[in-house]
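1. Sequence unavailable; structure follows:
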Ligand code: FAD
């Protein structure tokens with residue numbers, strides 16, 4: 001059995017594995033795709049001390065750092081369930097069962113997609129999901145934000161300070177963000193708000209985004225806006241469905257943790273985008289992963305070795 005089994009190989013899982021292995025305890029990492037979300041991004045400019053890197057390069061560095069230690073890496077393995085107990089059992093889709101004295105859940109999250117033509121084709125070529133990450137790439141350009149909830153309206157306010165013009169596109173009759181955010185948004189001169197607008201296509205020239213088509217749901221009329229970027233802000237989905245009822249989660253499906261990354265299940269910790277810790281960012285996920293590993297170590301030295 002492992003002392004610490006990390007589920008997930010993104011920044012949170014990699015940091016947890018390095019911190020656990022440095023304590024000299026039996027450490028394993030099981031991941032469906034080592035690297036995680038950073039594999040889907042091109043440029044990363046906000047990981048402190050690294051002014052610029054690229055997603056695939058960053059992911060390779062994460063993996064190399066883990067490999068520098070005695071860690072059992074099980075890549076391209078999907079985990080499908082967890083059973084609590086003195087030895088916690090983690091079952092893989094292959095049917096294999098891994099046992100560990102403690103487990104760190106770091107399965108991350110995925111952006112909800114709008115599923116319209118052009119979204120996949122122009123991903124990272126004008127279609128973006130993270131305003132903190134990619135906002136500065138659109139300096140002086142025109143963008144749309146799809147989604148009028150808190151994250152969409154926050155993104156639009158944030159982007160309005162960087163880009164030339166923001167069109168906020170909401171499917172429903174009204175914005176759903178907090179009133180204070182809505183009034184801030186309405187006070188900005190370079191923002192246009194469209195409600196009852198259904199995005200139908202993200203258009204491009206074959207290389208990059210050049211516009212967005214939408215249907216006015218009240219009149220049925222089709223419209224097209226010329227722009228250079230589209231930020232999709234219709235929600236982030238934690239990769240935690242597979243846990244079912246075993247670990248306590250919020251109404252948004254995020255794993256609930258305390259300040260030490262502990263879940264409600266003894267010996268089970270969680271870190272990164274899959275948890276209820278706010279602000280989904282690499283540097284935050286990595287810090288949380290480190291914290292979870294230190295907490296798991298603390299748990300192990302206080303519990304009798306089986
Ligand atoms: P993830 O990176 O999501 O990793 C989760 C890991 O768990 C993966 O290895 C995955 O395969 C694995 N996993 C999931 N489910 C299972 C399962 N059932 N069984 C086994 N393994 C599983 N942040 C920044 O700070 N700066 C940026 O510039 C930036 N740009 C971004 C651009 C894009 C396009 C995207 C999508 C995100 C960006 N982010 C950026 C956000 C950042 O990538 C995340 O906050 C960070 O990766 C979260 O790390 P994590 O380890 O919690 O989860």
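-> Arrived safely, thanks for sending. Just so it is clear, the model here is predicted, and its values are computed rather than measured.
2. Who are the contact partners of the closest residue to the ligand within the stretch 201-306 of the chain?
-> Proximity of the stretch 201-306 of the chain to the ligand (C-beta to the nearest ligand atom) peaks at residue 272, 2.2 Å away. Backbone N, C-alpha and C define where each C-beta goes, glycine included. Each residue near residue 272 by C-beta atoms under 8 Å, 6 or more residues apart in numbering is listed here: 8, 10, 11, 12, 13, 106, 108, 284, 285, 288, 289.
3. Out of the residues you listed, which are close to the ligand?
-> 8, 10, 11, 12, 13, 106, 108, 285 (C-beta under 6 Å from any ligand atom).
4. Name the nearest residue to the first one, ignoring sequence neighbours.
-> Pointing back at residue 8 there. Excluding the flanking residues, the one nearest residue 8 by C-beta to C-beta, 6 or more residues apart in numbering is residue 106, at 3.5 Å.
5. follow-up on the earlier one: which of the ones next to the ligand among the contacts of residue 272 fall in strands?
-> Among these, none falls in strands (DSSP state E).
6. what's across from residue 74 in the sheet?
-> Beta bridges link residue 74 to residue 30, judged by DSSP bridges.
7. which stretches of this protein have low pLDDT?
-> 305-306 (pLDDT under 70).
8. Which residues of it lie near the ligand?
-> Applying C-beta under 6 Å from any ligand atom, one finds that the chain approaches the ligand through 7-13, 30-34, 36-38, 40-41, 44, 46, 78-79, 106-109, 111, 129-130, 133, 239, 242, 272-273, 280-283, 285.
9. about what we covered before: distance check, the residue of the stretch 201-306 of the chain closest to the ligand against residue 291.
-> Look at residue 272 and residue 291: by C-beta to C-beta, to the nearest Å, they are 10 Å apart.
10. And the helices in the stretch 201-306 of the chain?
-> With DSSP state H, counting those that start in this stretch as the criterion, the stretch 201-306 of the chain has helices at 282-302.
11. any idea where the strands of it begin and end?
-> All strands of the stretch 201-306 of the chain, identified by DSSP state E, counting those that start in this stretch, fall at 209-216, 222-226, 229-232, 236-238, 268-270.
12. Can you pick out the most distant pair from the contacts of residue 272?
-> Using C-beta to C-beta, the pair of these lying farthest apart is 8 and 284, separated by 14.8 Å.
13. Who has more neighbours out of these two?
-> Higher neighbour count among residue 8 and residue 284: residue 8, with 31 against 17, using other C-beta atoms under 10 Å.
14. I'd say that one and residue 90 touch.
-> No. Residue 8 is beyond contact range of residue 90, at 11.4 Å (criterion: C-beta atoms under 8 Å).
15. ok, back up a step: burial-wise, tell me which of the strands of the stretch 201-306 of the chain comes out on top.
-> Comparing those by mean neighbour count (mean count of other C-beta atoms under 10 Å), strand 268-270 ranks first with a mean of 30.
16. Touching that one from outside, list them.
-> Strand 268-270 has contacts (C-beta under 8 Å, 6+ apart) with 82, 84, 88, 102-106, 247, 255, 257, 260-263, 292, 295-296, 299.
17. The same query, at a cut-off of 6 Å, please.
-> 103, 104, 105, 255, 257, 261, 262, 263, 292, 295, 296 (C-beta atoms under 6 Å, 6 or more residues apart in numbering).
18. Return the residues in contact with whichever residue of the stretch 51-200 of the chain sits closest to the ligand.
-> Residue of the stretch 51-200 of the chain nearest the ligand, by C-beta to the nearest ligand atom: residue 108 (1.9 Å). By C-beta under 6 Å, 6+ apart, residue 108 lies in contact with 8, 10, 36, 37, 239, 272, 273, 274.
19. now do residue 122
-> Residue 122 makes contact with 202, 204, 209 under the criterion C-beta under 6 Å, 6+ apart.
20. excluding its backbone neighbours, what's nearest the first one?
-> Excluding the flanking residues, the one nearest residue 202 by C-beta to C-beta, 6+ apart is residue 118, at 3.3 Å.
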